[in-house]
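Peer 1: can you look at this prediction? I've put the sequence above it.
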Amino acid sequence: QVQLVESGGGLVQAGDSLRLSCAASGRTFSFHTMGWFRQAPGKEREFVAAVRWNGGMRDYADSAKGRFTISRDNAKNTMYLQMNSLRPEDTASYYCAATTRVLSSLQVMYVTYYDYWGQGTQVTVSS
């Protein structure tokens, strides 16, 4: 049974930083692509960042470029999202996702390509 569990969310002020973690259990050895998505109330779930197996290839949404950094530690079966210079518009529930498939830089942006999802962690940024 594959399980993804996010942690690290919280209430912060604009300009602060947070680091989200996604701990994977189960058949984690087969995850090639892992990603972060977020969803604000009343909005669709949107892509934030993705990383491939060896960590060498990463993709970011325009809103995340220059502020967020995605990484993964395969030895610990954990993925991270370091978020700096947070803004009120970053407020959302953040979800980690994983798939065994090798996704292109275009495919990583779409929720339909991921097979496993976590329950989400809330990030709230006050102005």
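Peer 2: Right, received. Where do you want to start? Numbers count the residues shown, from 1 in each chain.

Peer 1: mind showing which ranges of the protein have poor pLDDT?
Peer 2: 28-29 (pLDDT under 70).

Peer 1: which of the residues in stretch 98-115 are buried?
Peer 2: 98, 99, 103, 107, 108, 109, 113, 114 (16 or more other Cβ atoms under 10 Å). Quick note: C-beta positions are derived from backbone N, CA and C, even for glycine.

Peer 1: from what I see, residue 87 and residue 16 are in contact.
Peer 2: No - contact criterion Cβ atoms under 8 Å: residue 87 and residue 16 do not qualify, at 10.1 Å.

Peer 1: so which strand or helix has the residue nearest the centre of the chain?
Peer 2: Closest residue to the average C-alpha location of the chain: residue 36 at 1.9 Å, with Cα atoms, centre = their mean. Using DSSP states H and E, residue 36 falls within strand 33-39.

Peer 1: so what's the gap between the helix or strand just after that strand and the chain middle?
Peer 2: Next helix or strand after strand 33-39 toward the C-terminus (DSSP H and E): strand 46-51. Its chain's C-alpha centre and that of strand 46-51 lie 6 Å apart, by Cα atoms, centre = their mean, to the nearest Å.

Peer 1: which helices and strands does strand 46-51 pack with?
Peer 2: With contacts defined as 3 or more Cβ pairs under 8 Å, 6 or more residues apart in numbering; DSSP states H and E, strand 46-51 has these neighbours: strand 33-39, strand 58-60, strand 68-73, strand 78-83.

Peer 1: return the set of buried residues in it.
Peer 2: Within strand 46-51, the residues that count as buried by 16+ other Cβ under 10 Å are 47, 48, 49, 50, 51.
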